[in-house]
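[1] A structural model of the following input is requested.
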Amino acid sequence: MAFSDDEVERYARHLVLREVGGPGQQKLKAARIVILGAGGLGSPAALYLAAAGLGTLVLVDPDQVDLSNLQRQILFGQADLGRDKVAAAGTRLKDLNPHVHVETLALALRPENAGQIIKGADLVLDGTDDFATRFTVSQACLAQGIPLISGAIGRWTGQVGLFTGQPCYQCLVPEIPPEAETCQAVGVVGALAGVVGSLMALEAIKWITGAGEPLTGRLLIYDGLSGQARTVRIAPDPDCPACGARA
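    Predicted coordinates for the structure are as follows:
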């Protein structure tokens, strides 16, 4: 898979990186990644993956751009208000890098369509904000053997994890919390979405290229108020409803 002169110049900083180089950039160009949610986390993740030279990005989000989104959802501007998020995102990403193929799905991921949406993906990034969808995509990824990068934010704290089988996302969160909090209810500082969404893109690039040590079976937790981060191991749950004995 040859690079054009434009691509060689565009990806020059990757091509001189020992951990990426030509072979890694070829892997990026051949990769297909599905991003669920084109919001606070999906925005920076999609921008950086498009800039990095992903072959195909699939954006899935049923919502339209709202004024309250612009505090943190950096894919969009004032002119996008009222547009489908994925349509506006697709326009922005193609402007950023015309070499990336962008597919857009203005729909919600549900148990009946999840398998088809993620089919053929090398990696799935979940930046959605409800546990039902998180459980659905986790189970679909398990069924198809597709690695899942999950990100979440609230108030001043964010987290990122990579799940490739056992442990799975539901080993971390076995059941939907009775009082699950959303950003709409508790608030979130806008720049935190950029931090966590960028970390999701970074983990995706590492996974695709084989660079460094991925967050497999680990959870990176970032506290924006203290400026501190820690990484914890996620133990497989033998009674996990998705990947354990209860599955």
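[2] contacts and neighbour counts: CA atoms only from here.
    Will do.
[3] List the residue ranges of this structure that fall below the pLDDT cut-off.
    179-183, 246-247 (pLDDT under 70).
[4] Which parts of it are strands?
    Counting by DSSP state E, one finds strands in the chain at the ranges 32-36, 56-60, 101-105, 123-126, 148-154, 157-163, 218-223, 228-233.
[5] Next, the buried residues of stretch 202-212.
    202, 203, 204, 205, 206, 207, 208, 209 (16 or more other C-alpha atoms under 10 Å).
[6] out of everything not next to it in sequence, what's closest to the second one?
    Beyond its immediate neighbours in the sequence, the residue positioned closest to residue 203 (C-alpha to C-alpha, 6 or more residues apart in numbering) is residue 214, lying 6.3 Å away.
[7] could you list every residue that touches that neighbour?
    Listed by C-alpha atoms under 8 Å, 6 or more residues apart in numbering, the contact set of residue 214 reads 162, 203, 206, 207.
[8] roughly how far apart are it and residue 115?
    25 Å (C-alpha to C-alpha, to the nearest Å).
[9] List of residues touching stretch 76-85?
    38, 61-67, 70, 88-89, 92, 106.
[10] returning to what we had before: torsion angles phi and psi at the residue nearest to residue 203?
    Dihedral pair for residue 214: phi -70, psi 170, per degrees, to the nearest 10.
[11] what separates it from residue 52, distance-wise?
    Counting by C-alpha to C-alpha - residue 214 and residue 52 are separated by 18 Å.
[12] Ok, residue 82 next?
    Taking C-alpha to C-alpha, one finds residue 82 at 29 Å from residue 52.
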